[in-house]
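**Student:** how does the following fold in three dimensions:
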Amino acid sequence: MPGYSNQDDTKNADQKILQHRELGTLLLKKSKRVRRLSIAVTPDKGVVITMPYYVSYAEAEAFVNEKRDWIRKTRSKVEQKKTVFDNYTEFTTRFRKLKLVPEARTNVHLKVTNELMEVHYPKNVPLSHPAVQEVIRSCVEHTWKIEAHELLPARVRDLAAKWGFTYKQLKIKANRSCWGSCTYDNIINLSLHLMRMPDELVDYVILHELCHTIHKNHGPQFWQLLNSVTGGRARQLSKRTQQYNPRVI
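**Tutor:** Numbering: from 1, shown residues only. Down below sits the predicted model:
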């Protein structure tokens with residue numbers, strides 16, 4: 001098909017990695033749960049085309065060609081949201097400041113102290129190189145993980161005790177699809193990316209999941225309970241969390 005190269009394409013029963021001459025690497029992914037073709041563009045996964053099993057790869061590629069202008073514009077917007085780290089970037093987490101250190105070395109070394117998150121990288125490699133940028137993001141995420149374990153367990157215990165909730169266990173994960181969840185047996189899962197948020201919104205997410213230990217849905221009783229523990233601001237706080245995106249650093 002015009003616009004595509006067959007080189008470096010790999011297939012299995014469920015997906016195909018496609019090299020498009022204009023758009024670069026795309027992922028065509030088959031799913032039994034969808035009934036139509038759809039396109040998602042995210043900072044971490046790139047361009048993913050999800051397709052029903054009865055749709056051929058050739059049809060999906062034709063669909064991509066029809067939507068290539070939209071894909072190009074959307075990907076440009078998504079990439080603009082990413083932080084581009086340089087020597088002038090002042091980036092801090094709750095407790096630590098990012099320090100970029102060029103050295104006479106061949107690899108990249110990460111070091112997290114009580115005050116700093118250091119990235120030591122080869123001085124002959126431009127700081128703007130995608131691989132170096134990705135390592136910096138990994139260092140930031142690793143630091144958020146450390147800080148999440150430092151802060152979240154105690155905060156969940158305190159809020160549960162204050163409002164009379166009980167839960168079975170807390171797990172902290174590198175979840176980018178949601179801020180938190182609560183299982184039917186009251187295991188609370190929280191994303192380490194909560195460390196991007198101010199304390200008030202972290203508390204809101206925790207209280208949201210604690211309310212799910214009582215109500216396993218988002219019905220009126222759930223929102224009534226959540227309102228009662230957030231001073232009547234549940235909807236307001238929920239909207240504020242939407243200003244943060246766990247997929248972008």
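
**Student:** mind checking pLDDT for residue 68?
**Tutor:** The predicted local confidence for residue 68 comes out at a pLDDT of 89.

**Student:** so it touches residue 24, yeah?
**Tutor:** No - in this structure, residue 68 is not within contact of residue 24 by Cβ atoms under 8 Å, at 11.1 Å. (Each C-beta comes from the backbone N, C-alpha and C, glycine too.)

**Student:** who's more crowded, those two?
**Tutor:** When neighbours are counted by other Cβ atoms under 10 Å, residue 68 comes out ahead of the other of residue 68 and residue 24, with 14 against 11.

**Student:** got the end-to-end distance for stretch 168-180?
**Tutor:** Taking Cα to Cα, to the nearest Å, stretch 168-180 runs 15 Å from one end to the other.

**Student:** now residue 172, nearest residue through space, not along the chain?
**Tutor:** Counting by Cβ to Cβ, 6 or more residues apart in numbering, the nearest residue to residue 172 once its immediate chain neighbours are dropped is residue 148, at 5.0 Å.

**Student:** need the per-residue pLDDT for residue 81.
**Tutor:** Note for residue 81: predicted pLDDT of 67.

**Student:** correct me, but the residue nearest to residue 172 touches residue 196?
**Tutor:** No - with contacts counted by Cβ under 8 Å, residue 148 stays clear of residue 196, the gap being 10.4 Å.

**Student:** low-confidence ranges in the protein?
**Tutor:** By pLDDT under 70, the low-scoring segments of the chain are 1-13, 43-45, 79-81.

**Student:** per-domain residue ranges of it.
**Tutor:** Taking automatic domain parsing as the criterion, the chain consists of the domains 4-80, 97-143, 148-241.

**Student:** among those domains, which is nearest residue 86?
**Tutor:** Ranking these by proximity to residue 86 (Cβ to Cβ) places domain 97-143 first, at 5.8 Å.

**Student:** how much distance is there from that closest one to the middle of the chain?
**Tutor:** Taking Cα atoms, centre = their mean, to the nearest Å, one finds the center of domain 97-143 at 20 Å from the center of the full chain.

**Student:** the closest residue to residue 53 other than its chain neighbours: neighbouring residues, count only.
**Tutor:** Excluding the flanking residues, the one nearest residue 53 by Cβ to Cβ, 6+ apart is residue 30, at 5.2 Å. Applying the criterion other Cβ under 10 Å, we find 19 residues in the vicinity of residue 30.

**Student:** could you measure from residue 30 over to residue 163?
**Tutor:** Taken as Cβ to Cβ, to the nearest Å, the spacing of residue 30 relative to residue 163 amounts to 45 Å.

**Student:** biggest helix in this structure, by residue count?
**Tutor:** Among the segments of the chain that qualify as a helix by DSSP state H, the longest is helix 130-163.

**Student:** quick one: the helices in the protein, in order.
**Tutor:** Listed in chain order, the helices of the chain (DSSP H) span residues 57-66, 68-80, 130-163, 199-211, 220-229, 234-241.

**Student:** which residues touch the shortest one?
**Tutor:** Residues from elsewhere that reach helix 234-241, judged by Cβ atoms under 8 Å, 6 or more residues apart in numbering: 179, 197, 200, 201, 204, 205, 208, 223, 226, 227, 230.

**Student:** residues in contact with the residue nearest to residue 172?
**Tutor:** 172, 190, 192, 194, 195.

**Student:** kindly state the beta-bridge partners for residue 103.
**Tutor:** On the basis of DSSP bridges, residue 103 is bridged to residue 122.

**Student:** which residues touch it?
**Tutor:** The neighbourhood of residue 103, defined by Cβ under 8 Å, 6+ apart, consists of 120, 121, 122, 123.

**Student:** buried subset of these?
**Tutor:** Buried residues within the contacts of residue 103, defined by neighbour count using 16 or more other Cβ atoms under 10 Å: 120, 121.

**Student:** a markdown table for the contacts of residue 103, including distance to residue 243?
**Tutor:** Written out in a markdown table, the entries for the contacts of residue 103 read as follows (distance: Cβ to Cβ, whole Å):
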| residue | distance to residue 243 |
| --- | --- |
| 120 | 33 |
| 121 | 32 |
| 122 | 37 |
| 123 | 37 |
